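Engineer: Give me a model of this one.
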Amino acid sequence: MNNLIKNIEFSKIVNLKELVSYQESQVISRTIAQTPNANITLFSLDKNEGISSHVTPGDAMVQILDGEAEITIGDNIFTVKEGETIVMPSNIPHGLEARKKFKMLLTVIKN
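Structural biologist: You can find the predicted model right below:
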């Protein structure tokens, strides 16, 4: 049997923000699931690191697990903090920057 979820223990309670660590001047990612229609990835970004503006064919939901992110969707800029979530619609340019270091769970769903 092939598991769809990987890089995380099964049948065990885990704290997602403990599964990725901060690294100085780096963006760290850990893939949790990847199928043709869905991707789930944990990220940690050090202060002043980012992911440049891009377009995706699927809707992308960001859940901030720790810290604070500045997320741009189209012409709008949002400050999203620990415990908050924002959805970046498909085919709209979006990007993010760590004004403070932060960790997020990114879920992308495609048709």
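Engineer: Other residues contacting the strand ranked longest in the chain?
Structural biologist: In the chain, with assignment by DSSP state E, the single longest strand is strand 59-73. With contact meaning CB atoms under 8 Å, 6 or more residues apart in numbering, strand 59-73 is reached by 16-17, 42, 45, 53, 77-90, 92-109. Where you see a C-beta, it was placed from the backbone N, CA and C, and this is true even at glycine.
Engineer: Residue 95 reaches residue 54, doesn't it?
Structural biologist: Yes: using CB atoms under 8 Å, residue 95 is in contact with residue 54, at 6.6 Å.
Engineer: which sections of the chain are below the confidence cut-off?
Structural biologist: Scanning the chain for pLDDT under 70 picks out 1.
Engineer: Show the contacting residues for residue 39.
Structural biologist: 31, 33, 106-108.
Engineer: Sort out for me which of those residues are in strands.
Structural biologist: Using DSSP E, the contacts of residue 39 in strands are 31, 33, 106-108.
Engineer: Since that was my last question, I'll sign off now.
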